[in-house]
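Trainee: Here is my input; please provide its structure:
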Amino acid sequence: MYMGKATVVFDDPNTTDQSNDYTVPIPEGLTEEFEPSHPITPRQWAAWETRGIEPYKGFEEEYTTWEKEWEKVNRAQLTADGAEPLVMDMVRLDPNPDTEE
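Mentor: Below is the predicted model of the structure:
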């Protein structure tokens, strides 16, 4: 068993800039963390995450737009890295399945 010295590099998550991992351009104004246009409390954020209750009108649209923009960046990065993004068709479930097969 090797018992020599080792060097540990610690990246403080509060100061690490994740955008350094991207080689594709990130649109100006697209933040790493979602920043709502109106201040919200931790309780409001928890209500959104657990029950889907918007803290204010338009919050869901803002959040969805932010998520879609990051999805575009991530797909572009996959392509730049030489991987083909897996894009699957939506699965539609029959609301009245035939149980007698």
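Trainee: switch to C-alpha atoms for all contacts and neighbour counts from now on
Mentor: Will do.
Trainee: which outside residues touch the helix or strand harbouring residue 49?
Mentor: Using DSSP states H and E, residue 49 sits within helix 42-51. Applying CA atoms under 8 Å, 6 or more residues apart in numbering, the contact partners of helix 42-51 are 53-55.
Trainee: and with 10 Å instead?
Mentor: With CA atoms under 10 Å, 6 or more residues apart in numbering as the test, helix 42-51 has contacts from 41, 52-56, 59-60.
Trainee: Equivalent analysis for stretch 53-62, please.
Mentor: So stretch 53-62 is contacted by 34-41, 43-48, 52, 65-67 (CA under 10 Å, 6+ apart).
Trainee: Centre-most residue in this structure?
Mentor: In the chain, the C-alpha nearest the mean C-alpha coordinate belongs to residue 67, at 5.7 Å (CA atoms, centre = their mean).
Trainee: buried sites along the helix holding residue 49?
Mentor: residue 44 (16 or more other CA atoms under 10 Å).
Trainee: rewinding a little: just the buried members of the contacts of helix 42-51?
Mentor: The neighbour count (16+ other CA under 10 Å) marks 55, 59-60 as buried among those.
Trainee: what's the spacing between residue 27 and residue 62?
Mentor: Counting by CA to CA, to the nearest Å, the separation of residue 27 from residue 62 is 16 Å.
Trainee: actually residue 71, sorry about that
Mentor: From residue 71 to residue 62 the distance is 14 Å (CA to CA).
Trainee: just residue 72 next, same as before
Mentor: The spacing between residue 72 and residue 62, counted by CA to CA, is 16 Å.
Trainee: Ok, residue 28 next?
Mentor: From residue 28 to residue 62 the distance is 16 Å (CA to CA).
Trainee: what does residue 29 give?
Mentor: 13 Å.
Trainee: Quick check: buried residues in the helix or strand harbouring residue 72?
Mentor: Assigned by DSSP H and E, residue 72 falls within helix 59-80. With burial defined by 16+ other CA under 10 Å, the residues of helix 59-80 counted as buried are 59-60, 66, 70, 73-78.
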